[in-house]
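Q: Predicted model follows, preceded by the sequence.
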Amino acid sequence: MPQNIWNDIAAIPARNLAQNFAEDTGRVEKLTVRQSNILFDFSKTHLDDALMAAFEAASAKANLSEAREKLFSGSIVNPTEGRAAEHTAERGNGAAPQVEMAKALQARMRGLIEAIDAGAMGDVKHVLHIGIGGSALGPKLLIDALGREDSRYDVKIVSNVDAAALAEAVKYMDPHKTIVAVASKTFTTTETLMNAASAIEWMKGAGVEDAEGRVIALTASPDKAIEWGVDESRILPFNEAVGGRYSLWCSIGFPVAIGLGWAAYEELLEGAAAMDRHFRTSEFAVNAPVLAAWADLYYAQVKQCQTRAVFAYDERLRLLPDYLQQLEMESNGKSVTASGEPLPYNSAPVTWGGVGTDAQHAVFQLLHQGTHIIPVEFIVSKTPGHDFDPAHHETLLINCFAQGAALMTGRKSDDGARNYAGDRPSSTLLVDDVTPSVVGALIAFYEHRTYVNAVLLGINPFDQYGVELGKEIAKAIAQVGPSGFDPSTMALIAEAEL
Ligand SMILES: O=P(O)(O)OC[C@H]1O[C@H](O)[C@H](O)[C@@H](O)[C@@H]1O
């Protein structure tokens, strides 16, 4: 991707949002996509006809159509690790052998869940899922979003190596009625294996016989799980070519499938599959992930925005920003192109966010009047997730729409402290309800948007070497202690008496 692509786009005269709306009465319709019971409204972004044409040209130069097909056909899209990225095959959209493999492994998972339901592991009430990063964030989001009313088991997810998290999770669990799902693609992750060992100790300490026999491994490295002590019959493997942060669709989704039931899990997959089909077959100008990525790139590259903010106006989706932080920042926070050249422009902005309306009373001041322009994304549901007075939900929706309007229109005042400049961009995703199929589609939308961003930036979104150095230094500190590091680090190690 030559650098002048952004220069070409930057050369297009900037128009403000008010002008865009005044000059194009069809703007809302043009920039609205309806797909999978989600309405995507991009009309409050600065995308206009000229910018859309420029991004269309940039996408052609970046071979986006070919890149899109490569993703679905199982071609190598992760060149530094020499492999495909086969998460879409988990929902039936991929190369035939991978789709077959995914189906077979999902059937294995279903078999184990049915056996547990039938009592094969005794009287089970609690599922303690232990994993971190991509092996935790997806299940955490889904259980929190969809398992509030209907969970068949009490599912808790523990990630942090700080065992205060484990202590909190097991506080109200009966160790005799608990199964432990150890989720790790590599089955080498320190935090996960340490927490898993402590969970086994917790069960043993309570007199559980054969505590090891209550462990299920969710992994792409079954040999490592066997080595660690899990019996082959309790290992749910998945395809190595599914990246950690794209793995909730396969056996990493075990707590979702067992907690919400198989039908809900299938709805989740089908929701994602429908979004796959939309992304794969729609023209770019009406393609939700593509339009979202174009707007992302306009703000990150042309407007030099360093962050983007996501606010879920729905308590059920409060963990969505956390999930997106890994998806977007671990995928696209890179300094080199896919072929290893230094990246001559910005990579992904920082993703951050929170839950509305809480965030309005905490951070929105800066969004409205700060010197940084921050593209905002609102996600809100037409249907409430509770039976209280409908006034709650109306207030939630009203506030969500009011914030987008206020950011865009602003309000002039001679008093600087009371002036709202306006022209601040946002997009709104209005979902019919927070159901497994909508959440599946929503997550697939974000996955594809992240991929489109990467393709136009010319970077590889599927590796994450940036996380390795810190792990190596931690291992060295654990092994060697306070020697051979910089003076500050050595002083800290000594002070903490490590
Ligand atoms: O699933 P695991 O192999 O245990 O890996 C868990 C996580 O740790 C790593 O550090 C990566 O940054 C993540 O992408 C990954 O999801």
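A: On my side now, so go ahead.
Q: ok, so what distance separates the most far-flung residue of the chain relative to its centre from the ligand?
A: Ranked by distance from the centre of the chain (CA atoms, centre = their mean), the top residue is residue 414, with 42.5 Å. Applying CB to the nearest ligand atom, to the nearest Å, the value for residue 414 to the ligand is 51 Å. Backbone N, C-alpha and C define where each C-beta goes, glycine included.
Q: can you check residue 277 too?
A: Taken as CB to the nearest ligand atom, the span from residue 277 to the ligand is 27 Å.
Q: Next, count neighbours for the residue in the stretch 301-450 of the chain that the ligand sits nearest to.
A: Of all residues in the stretch 301-450 of the chain, residue 330 sits closest to the ligand, at 5.7 Å by CB to the nearest ligand atom. Using other CB atoms under 10 Å, residue 330 is surrounded by 22 other residues.
Q: I'd say residue 357 and residue 311 touch.
A: No: with contact defined as CB atoms under 8 Å, residue 357 does not reach residue 311; the gap is 9.1 Å.
Q: Just want to know which of these two has more residues nearby.
A: Between residue 357 and residue 311, counting by other CB under 10 Å, residue 311 is the more crowded of the two (29 against 17).
Q: quick check, the more buried one in a helix?
A: No: under the criterion used here (DSSP: H, G, I helix; E, B strand; the rest coil), residue 311 is strand, not part of a helix.
Q: Who are the contact partners of it?
A: 321, 353, 354, 355, 356, 359, 376, 377, 378, 379, 400, 403 (CB atoms under 8 Å, 6 or more residues apart in numbering).
Q: do residue 115 as well
A: By CB under 8 Å, 6+ apart, the residues touching residue 115 are residue 121.
Q: in the helix or strand where it lies, what counts as buried?
A: Following DSSP states H and E, one finds residue 115 within helix 96-117. Using 16 or more other CB atoms under 10 Å as the test for burial, helix 96-117 gives 98, 99, 101, 102, 105, 106, 109, 112, 113, 116.
Q: residues near the residue nearest to residue 240 when sequence neighbours are not counted, how many?
A: Excluding its sequence neighbours, the residue lying closest to residue 240 (CB to CB, 6 or more residues apart in numbering) is residue 220, at 4.6 Å. When neighbours are defined as other CB under 10 Å, residue 220 has 22 of them.
Q: My guess is residue 220 contacts residue 235. True?
A: No: taking CB under 8 Å as the definition, residue 220 is not a contact partner of residue 235, at 10.6 Å.
Q: what's the closest non-adjacent residue to the residue of the stretch 301-450 of the chain closest to the ligand?
A: That would be residue 464: by CB to CB, 6+ apart, it lies 5.0 Å from residue 330.
Q: Could you check how far the one you found is from the ligand?
A: For residue 464, the distance to the ligand equals 5 Å [CB to the nearest ligand atom].
Q: ok, residue 248 - how many residues close by?
A: Using other CB under 10 Å, residue 248 is surrounded by 30 other residues.
Q: Next: residue 7.
A: Close neighbours of residue 7, defined as other CB under 10 Å, add up to 12.
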